[in-house]
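Asker: Model the structure of this input:
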Amino acid sequence: MQIIENRTQVRGVVQHVSAQSDVAQFGTLHLLVQQLAAVANVADLLSSREPISLAVLVPLAELTNADLTEGQTVEVEVRLATPDRLFAYAGTLHRLR
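Answerer: Next up, the predicted model:
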């Protein structure tokens with residue numbers, strides 16, 4: 001299996017936040033996608049899929065500190081780890097409004 005370094009910037013509306021996931025020390029952020037953008041000089045494996053919604057695994061401490069609520073707009077940079085699993089890059093989750 002080939003591993004490809006990849007990164008995509010996602011802007012979306014928070015649909016649901018869960019402190020639970022099947023990955024230790026990660027919670028799940030469910031987003032309604034508004035915009036996807038490539039990050040300079042890194043492969044973008046997500047944008048061509050044109051997803052409508054995403055479930056992003058975010059480090060639990062970061063997810064808790066962000067104090068997110070349903071309906072807020074956020075940006076986060078993610079990597080596609082497997083065809084159905086996305087992880088947030090640490091320090092990239094930001095509330096916009």
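
Asker: okay, the residue nearest to the spatial centre of the chain: pLDDT?
Answerer: By C-alpha atoms, centre = their mean, the mean C-alpha position of the chain lies nearest to residue 56, the distance being 4.0 Å. Per-residue pLDDT puts residue 56 at 98.

Asker: next one: residue 1
Answerer: So, for residue 1, pLDDT stands at 63.

Asker: which stretches of the chain aren't confidently modelled?
Answerer: 1 (pLDDT under 70).

Asker: in it, which spans are helices?
Answerer: 60-66 (DSSP state H).

Asker: and residue 87, what does it touch?
Answerer: 26, 56-58, 78-79, 81 (C-beta atoms under 8 Å, 6 or more residues apart in numbering). Any C-beta I mention is one placed from the backbone N, CA and C, and that applies to glycine too.

Asker: Buried ones among the residues you listed?
Answerer: Using 16 or more other C-beta atoms under 10 Å as the burial test, these include 26, 56-58, 78-79 as buried.
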